[in-house]
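Student: Pasting the sequence and the predicted coordinates here, then a few questions.
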Amino acid sequence: MAVEVAKLGFHWKSTSASAPFAPRNRLKPPSIFQSSPRKLLAPPLLSSLVEEQPLSFTEPENLLIDALIGVQGRGRSASPEQLEEVERVVQILEGSEGVPDPTSSGLIEGRWQLIFTTRPGTASPIQRTFVGVDFFSVFQEVYLRTDDPRVSNIVRFSEAIGELKVEAAASIKDGKRILFQFDRAAFSFRFLPFKVPYPVPFRLLGDEAKGWLDTTYLSHSGNIRISRGNKGTTFVLQKKSGPRQKLLSAISTGSGVTEAIDYLISQNQTSAKEEPKLLEGEWQLIWSSQMETDSWLENAASGLMGKQIVKENGQLKILVDILLGFRFSMTGTFVKVDSKTYDVTMDDAAILAGPFGAPMEMTRKFNLELLYTDDKIRITRGYNRIIFVHLRVDSSKKK
């Protein structure tokens, strides 16, 4: 068991492994919220909050970031279509002109966050458990230009609990490959004033503690890295996250969501070139600023559950899966009032069971304010001035 944890960040000669990494800052802009944020409704996502600096990406890098938006468990819960798209974009980047001889570049140095990894059949159970949990942050530190070159894997359980750090002595084999050998590990718990050694007998493991990691793409900005381990696993790592990624990460961990929303909106206000539009498609609710009540019917009718389906003809539908094939459906219309506000009337509710439905008497009228939107994420202020974050889940623009 101990050995399995140590393998988290890399591939070993006779097993699997690999890990990645990046730090977190808390943002404190004025909040747009009037109520306490609710917990995660559905876990999507990518990286943690990091230092605030404008980021720039090439077109292929933007394609990769977009492909990863909404992928849960750093790839563990990805659909075949999502995995295929990510691999396609990864191959595009690997075939492009990244930094030549990345192991010789200072850009590879620092702390990287794992945002995606494939899962070979040889991946250890512990690796799958930690890396696939969005609540945990997984990092990789690379420091090759010191008196003691090292590559370390870090699993941060939470700010309140602490982390596990597994370290390896490292050396450069060539322009792409790093050789490593694990030699120490320890837990750092917030509630203890000392580190707890991790009981792995690295010296007795011999070649079992050794492995290598190839860097197949390093961006010229030093912000994105793609690596492959000796067992064939692909890793996508990032140093600094964009505002959208920070929001999704905050929702995953349940920390700093309101700050991340405020920051994303403020950044969009300074860069927006077009008037926002309520885009058609299927949108899954992933977070709201109001807790659910004890009544599922009230939650469903208020938009605190399920999906929204937006149509070009001004129709809006709320669809909630209840249980045993039963669904709640509520349909209405929206009319644009000004540049970002819509009048919404929801007045056609029903309980559906296959092709059959039982109508219900229920009406909701409210203003919907579009605070932020793009092809992947939408933030609105809706019924009872609740803030909603939706993630687009359809692949087409029409539903």
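Tutor: Happy to help now that I have it.
Student: what mean pLDDT would you report for the one helix or strand Ala250 maps to?
Tutor: In this structure, Ala250 sits in helix 243-253 according to DSSP states H and E. For helix 243-253, mean pLDDT rounds to 88.
Student: elements contacting it?
Tutor: The contact analysis (3 or more Cβ pairs under 8 Å, 6 or more residues apart in numbering; DSSP states H and E) places helix 243-253 against helix 257-271, strand 377-381, strand 387-392. Quick note: C-beta positions are derived from backbone N, CA and C, even for glycine.
Student: Restricting to C-alpha, output it in PDB.
Tutor: Provided in PDB are the C-alpha atoms of helix 243-253 (Å, rounded to 0.1, in the frame of the first residue of the first chain):
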ATOM      1  CA  PRO A 243     -10.500  32.600 -14.700                       C
ATOM      2  CA  ARG A 244     -12.800  29.900 -16.000                       C
ATOM      3  CA  GLN A 245     -10.500  27.100 -14.700                       C
ATOM      4  CA  LYS A 246     -10.200  28.800 -11.300                       C
ATOM      5  CA  LEU A 247     -14.000  28.900 -11.000                       C
ATOM      6  CA  LEU A 248     -14.500  25.300 -11.900                       C
ATOM      7  CA  SER A 249     -11.700  24.300  -9.500                       C
ATOM      8  CA  ALA A 250     -13.300  26.400  -6.700                       C
ATOM      9  CA  ILE A 251     -16.600  24.700  -7.300                       C
ATOM     10  CA  SER A 252     -14.900  21.300  -7.200                       C
ATOM     11  CA  THR A 253     -13.200  22.000  -3.800                       C
END
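Student: Now do that helix against strand 377-381, angle only.
Tutor: Our comparison of helix 243-253 with strand 377-381, counting by axes from the mean of the first three to the mean of the last three Cα atoms, to 10 degrees, yields an angle of 70 degrees.
Student: Going forward, the N-terminal residue is numbered 31.
Tutor: I'll keep to 31 as the first residue from here, and by that count the last item is helix 273-283.
Student: Can you check what angle separates helix 273-283 from strand 417-422?
Tutor: Going by the same axes, to 10 degrees, helix 273-283 makes 110 degrees with strand 417-422.
Student: what sits opposite the spatially closest residue to Asn298 that is not a sequence neighbour in the beta ladder?
Tutor: In space, and not counting its chain neighbours, Asn298 is closest to Tyr402: 5.3 Å by Cβ to Cβ, 6 or more residues apart in numbering. When assigned by DSSP bridges, Tyr402 has beta-bridge partners Ile409.
Student: any idea how far Tyr402 lies from Pro273?
Tutor: Computed with Cβ to Cβ, to the nearest Å, the distance linking Tyr402 and Pro273 is 9 Å.
Student: Which neighbours do the two have in common?
Tutor: The contact sets of Tyr402 and Pro273 overlap at 294, 298 (Cβ atoms under 8 Å, 6 or more residues apart in numbering).
Student: what sits against Thr371?
Tutor: The contact partners of Thr371, by Cβ under 8 Å, 6+ apart, come to 397-400.
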